[in-house]
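> Compute the structure for the input listed below.
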Amino acid sequence: MDTENYVEAIRLRLGIAGPLDVVPCGLCGEVPTSDSGAHAMCCARSESTRGHNNVTRQLAEDISILDPSMELEPMGLIPGTQLRPADILTGALGNGLVALDIGIAGPDAEGAGQDCTQSMVERKPRKYQAHSDVLDRQNITYRPVAFSSYGRLHPDTTATLRTLAHRIARRRGCSAGEWRFRRLRAKLVTQIWARAGKMVRSCWPDREGDDDEEGSDAELVAAAMAVVSATT
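Prediction:
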């Protein structure tokens, strides 16, 4: 995580995100009503998508330890449509294939409900419900993987990541499954906070281009721990 994104993520964590003065959003021209970062988390669509893709690639990196043949955003799982139910298609989590559909939900977004991650877990399967038989015939299980835009994991996501981490530990011949789970979670949460920082910065007026350097695994983990503990 580069320095500017790190600082903006910390400011967002503290509830003082964005410019110090009241200025229009650099993307839509609307004047945010607070400095909580809520406007940016709903407005910055491009950075939202880039951040989602970074989370996907980060998770895929660990999955590839178990399943080198896993696929990213495979086309044609539901013939005759443009639907792509899997950000990652892998056989690392079950007897058949699992379509992992990664979602990052904002608590201030429309339809977020009381728990944005739970709302996403309930909403995503409805999109593919009419095609569930097509996936069943291919022995594919659809599984949403939901995070909040501030790095909170849905309980099902925690279970999925923990299963993955313990299987990696067994593959490596060790018993450090929980350590691997915490490490994987930290790397994913760091990507989510980097996404949040970039989304806020993209709404600054007259913002210059960003440095997209992501840093090493050790830097990602260290940054995650610092962001999470910033207010403790």
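
> rest of the way, CA atoms for contacts and neighbours
Fine.

> Could you list every helix and strand that the longest helix anywhere in the chain packs against?
Counting by DSSP state H, the longest helix found in the chain is helix 177-202. Using 3 or more CA pairs under 8 Å, 6 or more residues apart in numbering; DSSP states H and E, the elements in contact with helix 177-202 are helix 3-14, helix 38-43, helix 45-66, helix 155-171, helix 217-228.

> Could you list the low-confidence segments of the chain?
1, 33, 207-232 (pLDDT under 70).

> give me the number of residues near the nearest residue to Lys124 once chain neighbours are set aside?
Nearest residue to Lys124, sequence neighbours excluded (CA to CA, 6 or more residues apart in numbering): Pro144, at 6.9 Å. By other CA atoms under 10 Å, the residues close to Pro144 number 24.

> same question, Phe181
22.

> next one: Trp179
Using other CA under 10 Å: Trp179 sits among 14 other residues.

> Please tell me how far it sits from Val7.
Going from Trp179 to Val7 by CA to CA, to the nearest Å gives 27 Å.

> got the buried residues for stretch 78-88?
Ile78, Arg84, Pro85, Ala86, Asp87, Ile88 (16 or more other CA atoms under 10 Å).

> next one: stretch 90-99
Under 16+ other CA under 10 Å, the buried positions of stretch 90-99 are Thr90, Gly91, Ala92, Leu93, Leu97, Val98, Ala99.

> Among the residues you listed, which one lies nearest to Val200?
Nearest to Val200 among those is Ala99, at 30.6 Å by CA to CA.

> Cross-check the contact I'm expecting between the closest one and Ile140.
Yes: in terms of CA atoms under 8 Å, Ala99 counts as a neighbour of Ile140; the distance is 6.5 Å.

> Quick one: residues contacting Gly106.
Contact analysis of Gly106 by CA atoms under 8 Å, 6 or more residues apart in numbering lists Met41, Cys42, Ala112, Cys116, Ser148, Ser149, Tyr150.

> Distance check, the second one against Cys203.
Computed as CA to CA, the Cys42 to Cys203 distance reads 11 Å.
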